[in-house]
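1. need the 3D shape of this:
(one chain, ligands or ions: 1)
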Amino acid sequence: MNVSFIGLGIMGSRMAQNLLNNGISLTVFNRTTAAMHPLVAAGAKKADSAQSCVADADIVFTMLSTPEAVEEVALGELGFVQKMKPNALWVDCSTVDPTFTRQIGARATEAGIRFLEAPVAGSLPQAAGAQLVFFCGGEATDVESVTRLMEHMGRKVVHLGAVGMGASLKVLVNSMLAQSMLVFAETVNLGEHLGLSKDFLLEFLPSLPVIAPFVQAKVENLKTGEYPTNFPLSWMQKDLYLVCKAAYEQDTPLILANATKEAYMAAKQSGLGKEDFSAIYAYLNK
Ligand SMILES: NC(=O)c1ccc[n+]([C@@H]2O[C@H](COP(=O)([O-])OP(=O)(O)OC[C@H]3O[C@@H](n4cnc5c(N)ncnc54)[C@H](OP(=O)(O)O)[C@@H]3O)[C@@H](O)[C@H]2O)c1
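-> Here you go, the predicted structure:
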């Protein structure tokens, strides 16, 4: 079986490496070519374009930043979908919104290929350690045909139903993640302004049940003022936009996520977009 991987950023590079570690025959492509070098050194074949990357593939994984990037790389003028073998399977792991993933799924079907959405829960450490959770939407037979590959990259594969269900769950999860981070950041910031010591707050607050457990992994960033990027703040702002778009389309209120989106947008505009999303604290605290 020939497998291709397009989009070798923070997540994709590590997912592709785990496929290689498990002996999968892999062809890779990334817009910025330097990202391909470590994988080629580890045994991957390097493609010169997204189109040439998929030509022999039975399964194509994509891990791209935004819906716009997925649209361009897969379905644009030089998009790879038109070059895929008939009935080959495209698995999109990028975080996009439910309506978008349904639209590209329909276009993939029209083009004569199979489509599965499989956004992931987990960040850089989970991608590196093959501990991701895949939120699949699509045909059960397609999920079955890639489960073994996903198990090389993750610890769990969840089939949620038709295309769109994976993106639905993913935007909900990231909405909670973004809000929990903001709640912690503004609580610590106000605590400091009220005269409580930052070190005390960072030690004590995570021990309380009111804090989301993942926050513990971000405490060191707030302590040191360094925000090494596991999940770029820009992509968190993008995901908040996507969940708000989904709520708008469903004609249902989403009050806190909309407010949170604007906080992350302001932080992004202040120059923190490439930092880890925990840098929302740096924005509040400056
Ligand atoms: N980081 C996390 O913790 C995390 C966790 C779960 C899900 N996600 C999601 O996973 C996806 C990738 O995230 P990431 O953190 O790996 O981001 P990243 O490091 O910024 O990687 C983004 C990838 O998309 C490519 N790309 C963007 N625009 C493109 C375009 N117009 N044409 C071709 N390639 C393009 C980039 O290529 P270049 O290298 O050339 O820029 C890069 O390979 C996003 O949807 C994100 O929301 C991230």
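2. how about the nearest residue to Val219, chain neighbours excluded?
-> Distance criterion C-beta to C-beta, 6 or more residues apart in numbering; nearest residue to Val219, sequence neighbours excluded, is Leu202 at 5.1 Å. Quick note: C-beta positions are derived from backbone N, CA and C, even for glycine.
3. residues contacting the one you found?
-> The contact partners of Leu202, by C-beta atoms under 8 Å, 6 or more residues apart in numbering, come to Val188, Val219, Leu222, Lys223.
4. confirm for me that the third one is in contact with Tyr281.
-> Yes - between Leu222 and Tyr281 there is a contact under C-beta atoms under 8 Å: 5.1 Å.
5. mind listing the shared neighbours of those two?
-> Among the neighbours of Leu222, those also in contact with Tyr281 (C-beta under 8 Å, 6+ apart) are Ala185, Val188.
6. so which of the contacts of Leu202 is the most crowded?
-> Leu222 (23 neighbours; other C-beta atoms under 10 Å).
7. helix or strand for that one, which one?
-> helix 219-224 (DSSP states H and E).
8. again, but for Pro209
-> Pro209 belongs to no helix or strand when assigned by DSSP H and E.
9. what about it, distance to the ligand?
-> Going from Pro209 to the ligand by C-beta to the nearest ligand atom, to the nearest Å gives 25 Å.
10. again, but for Leu254
-> Where the ligand is concerned, Leu254 sits at a distance of 19 Å (C-beta to the nearest ligand atom).
11. ok, the residue in the stretch 151-286 of the chain positioned nearest to the ligand - contacts?
-> Taking C-beta to the nearest ligand atom, the ligand has its nearest neighbour within the stretch 151-286 of the chain at Phe231, 3.2 Å off. By C-beta under 8 Å, 6+ apart, Phe231 lies in contact with Ile10, Ser123, Leu124, Asp276, Phe277.
12. contacting the ligand as well, which ones from the residues you listed?
-> Subset of those in contact with the ligand: Ile10, Ser123, Leu124, counting by C-beta under 6 Å from any ligand atom.
13. among those residues, which are in helices?
-> Members of the ones next to the ligand among the contacts of Phe231 lying in helices (criterion: DSSP state H): Ile10, Leu124.
14. and the ones next to the ligand among the contacts of Phe231 as a markdown table, adding neighbour count?
-> Shown next, in a markdown table, are those (neighbours: other C-beta atoms under 10 Å):
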| residue | neighbour count |
| --- | --- |
| Ile10 | 17 |
| Ser123 | 20 |
| Leu124 | 16 |
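15. which among the ones next to the ligand among the contacts of Phe231 gets closest to Ala108?
-> Ranked by distance to Ala108 (C-beta to C-beta), the ones next to the ligand among the contacts of Phe231 are led by Ile10 at 25.2 Å.
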